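Student: when you get a sec, could you give me coordinates for this:
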Amino acid sequence: MIKHAAVCAAFATLTALLASCTAEVDHTGSGARLGPEPILDPPQFTWTYHPASGGNDEYYDGTLEVGEATFTINGDTLTTRAYRQAGGEYSIPAPTITMVPGNKYVLHFHNLLPYETASTEHNVFKDPNIANIHTHGLHISGETPSDDVTRAFPGGFGGDFVYDIPADHMGGTYWYHAHHHGSTYLQVSGGMFGQLIIDDGNDGLPSNVAAMGERQVIVGYLDPGAAGTGGDTLMSGTLAPSWTVNGTIGGVMTVPGNEWLHWRVLLADRDASPRTLGIGAGCEVALLARDGVWRTEAPLALSSGEITLTGASRADLAVRCTSSSSITVNNNAVASVAVAGTGVSAPHPYGSAGAPSTWQAVRPGYLRDLRGVSAVNTESVRMGARTVNGGKFDHDVATLTLPANDVQEWSISGAARHPFHLHVYHMQALGCSGYEDGEYYDVIASNCSVRFDLSSATSTPYEGRTIMHCHILEHEDQGAMGWLDVTTGSGAAPPPTFPVDSGATFGALYPLGAAPVCGDMTCNGTEDQCSCAGDCGTPPGVEALCTDGVDEDCDGNVDCDDSDCSADAACATPFCGDLNCDAGEDSCSCPGDCGAPPSTETMMCTGGADEDCDGDVDCADADCGADAACSTTCGNGTCDAGEDCSSCSDCAGVTSGRPTNRYCCGDGTAQSAEGDGSICDGNY
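Tutor: Model prediction:
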């Protein structure tokens, strides 16, 4: 459950606190503000509910946009690409998206950046204005229309994602970020990331844990030094590379005194090398979950107030502050914590109030303890600076292909320098340095073995593409990415489908000038009178035009095939495009009426016809190279050039043809080339 009310009272003291400060900060560019900026939770993404009725499915939908935005942070400017909910303001971090297990969500993704043609190069920095979204850590399909990061959208285009959140999905803290191969490093460096929360109301948390107020703490690294990457001409400004907390530099987060709060912490960095996140001595800290998975036993007291995270990891922390404190990354302060008032004491992270005690959340089957499983499939994955298993990313060639039959044990090497991230499946750590043995993570920065359940008998695997890559995004863009192909027919779940909704149209890709929703009172490019009469008007009663290839009256008959056109002059004379293969037309001159030609000269190689319409006829076509009729060998049944009736029985009885090909013309006597090119005998 997502809770904010418990901390709202703490903000009542902000006016007095800010009035005592002097540093100028303006996060939005709308004007100067005195004092360190208050750290507030990011804006919240809102979903629109569509109930099931009249044969329609129940689902939720909302629109996420990406476009150009300029921010003023701590007096410096940054022009960049950022996310926003349609109708809202661009923000860094992006709006927090919350979803509930068991629900279907349709995310309309719209790219408002300028259009650019996609580069045909591979494993290079490219396509700065082509964008998409990856739901990092979610246990959902990696195929279209779900979390398929190989699908991306140029400026002026959009598409719809479907997220079927399993009913048993682990509640927790996840995140989303840009993931178009070639521009991921640039766009994440510029702030295209946000927190994603799966509601934990079904995880069996103790009531006192569930009652803790929550704060969303996104510690993000903005790196304007990525400007220019891949042809970028947009990112600019005076901001130096900086750590931010909820979009502020040196901001202050105000909390109630002596009250346990649930901090949902995300460390978002284009370089996923491990960092030490610290909370100062004024606060008590305990660890509840890592990477969106509750610990096997929670909580774990962090006496030092520190935890090591990669730049793609999350930590759910219980934090209680009694005095002013700080938030640090590698011992460098990035924000302050101020205490205001006295909080409530009942919520706490332990199993019982008297003495600290642990508890266990309800875990789904796909996160069961695999350490006791004896029968496993073993694979090796070797991470390189720009490669996975020695090869660069190939969209069409899988790194591994496996059925959904076995628990997997993968030996990961090279990850200490190139942190390994596997989409869709969390990995159970086995002897990984810096990681708790037996706990689950979605990014591993250690050379070790990991396990995950890919058996449809005991887990919920998904068929098709599962991306794996180095989460140092500069490396990923340049080739350090691969994919696992989970075979169909082995019990894995197929990709989700769009909901049934008679009043809406969904699509994998569409121009934004043609919104795909029937019923928005606009006749868009993907709609017409037949598919959406409500937006485009009632169709006419007859076929209005008989040569435009359009079924105006929506009766299923087009142009001259419609009886309405029987008296039209255009239908009286055969023409290419009337859907009839008329005399004088063939597949070369009118494939629309006569059918597409074959790809090769397949019918015959001696008929004098150009079947595949490539300009080469019979033996002149390379497709006929193996045909016996095109052989020049004696015995092929054809009197070829260089043969005569004395040397080859193929020429016996041949009395016609050009003398250059026929040397025995009429009299049965071998003679040199004769005649004028059409007759023989004595005219040479």
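Student: use CA for all of it now, contacts and neighbours both
Tutor: OK.
Student: tell me which element the residue most central in space within the chain falls in.
Tutor: The centroid of the chain falls nearest to residue 149 when counting by CA atoms, centre = their mean (2.0 Å). Under the criterion DSSP states H and E, no helix or strand holds residue 149.
Student: ok, it - contacts?
Tutor: Shown in contact with residue 149 (CA atoms under 8 Å, 6 or more residues apart in numbering): 132, 133, 134, 142, 179, 180.
Student: can you tell me the closest non-neighbouring residue to the second one?
Tutor: Looking back up the chat, that one is residue 133. residue 178 (4.8 Å; CA to CA, 6 or more residues apart in numbering).
Student: what residue ranges in the stretch 401-550 of the chain are flagged as low confidence?
Tutor: Along the stretch 401-550 of the chain, segments meeting pLDDT under 70 span 514-527, 534-535.
Student: re the thing from before, the residue nearest to residue 133 and residue 132, how far apart?
Tutor: As judged by CA to CA, to the nearest Å, residue 178 and residue 132 stand 6 Å apart.
Student: same thing with residue 281?
Tutor: Distance of residue 281 to residue 132, computed by CA to CA: 40 Å.
Student: the two - which one has more neighbours?
Tutor: Shown here are residue 281 and residue 132; by other CA atoms under 10 Å, residue 132 has more neighbours (27 against 16).
Student: ok, the more buried one - contacts?
Tutor: Residues near residue 132 by CA under 8 Å, 6+ apart: 109, 149, 151, 152, 153, 178, 179, 180.
Student: let's see 7 Å
Tutor: Shown in contact with residue 132 (CA atoms under 7 Å, 6 or more residues apart in numbering): 152, 153, 178, 179, 180.
Student: arrange these in CSV, one row each, with neighbour count as further columns.
Tutor: Listed next are the contacts of residue 132 as CSV, based on neighbours: other CA atoms under 10 Å:
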residue, neighbour count
152, 22
153, 25
178, 27
179, 27
180, 24
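Student: what segments of this structure are helices?
Tutor: 5-8, 14-19, 184-189, 207-210, 473-477, 533-536, 569-572, 591-594 (DSSP state H).
Student: let me see the contact set for residue 251.
Tutor: Here residue 251 is in contact with 36, 37, 38, 39, 335, 336 (criterion: CA under 7 Å, 6+ apart).
Student: 10 Å - rerun?
Tutor: 25, 35-40, 74, 244-245, 327, 334-337 (CA atoms under 10 Å, 6 or more residues apart in numbering).
Student: out of those, which is most surrounded?
Tutor: Ranked by the number of neighbours (other CA under 10 Å), the contacts of residue 251 place residue 245 first, at 29 neighbours.
Student: assess the claim that it and residue 191 are in contact.
Tutor: No: under the criterion of CA atoms under 10 Å, residue 245 is not in contact with residue 191, lying 11.9 Å apart.
Student: intersection of neighbour lists for the two?
Tutor: Each of 92, 93, 220, 221 lies in contact with both residue 245 and residue 191 under the rule CA under 10 Å, 6+ apart.
Student: number of nearby residues for the last one?
Tutor: Neighbours of residue 221 under the rule other CA under 10 Å: 22.
Student: distance check, residue 223 against residue 247.
Tutor: 13 Å.
Student: and the contacts of residue 149, which is closest to residue 491?
Tutor: Set against residue 491, the nearest of the contacts of residue 149 by CA to CA is residue 142 (15.7 Å).
Student: apart from its chain neighbours, what residue comes closest to the closest one?
Tutor: Per CA to CA, 6+ apart, closest to residue 142 is residue 148, 4.8 Å.
Student: repeat that for residue 611.
Tutor: residue 601 (5.5 Å).
Student: contact partners for that neighbour?
Tutor: Contact analysis of residue 601 by CA under 10 Å, 6+ apart lists 609-614, 616-619, 621-624.
Student: also residue 127?
Tutor: Residue 127 makes contacts with 115-121, 154, 180-184, 186, 229-232, as judged by CA under 10 Å, 6+ apart.
Student: domain parsing for the chain?
Tutor: Following automatic domain parsing, one finds the domains of the chain at 365-471, 631-684.
Student: quick check: end-to-end length of the first one?
Tutor: Just to be clear, that refers to domain 365-471. 27 Å.
Student: next: stretch 276-285.
Tutor: The straight-line separation of the ends of stretch 276-285 (CA to CA) is 14 Å.
Student: buried residues in it, which are they?
Tutor: Using 16 or more other CA atoms under 10 Å as the test for burial, stretch 276-285 gives 277, 278, 279, 280, 281, 282, 283, 284, 285.
Student: can you give me the neighbour number for residue 167?
Tutor: When neighbours are counted by other CA under 10 Å, residue 167 registers 12.
Student: need the contact list for it.
Tutor: With contacts defined as CA under 10 Å, 6+ apart, the neighbours of residue 167 are 100, 101, 102, 103, 202, 364.
Student: repeat the analysis, applying 7 Å as the threshold.
Tutor: For residue 167, the contacting residues are 101, 102, by CA under 7 Å, 6+ apart.
Student: which residues does residue 69 bridge with?
Tutor: Legend: beta-bridge partners of residue 69 under DSSP bridges are residue 80.
Student: make sure it is actually in contact with residue 83.
Tutor: No: under the criterion of CA atoms under 7 Å, residue 69 makes no contact with residue 83, lying 9.0 Å away.
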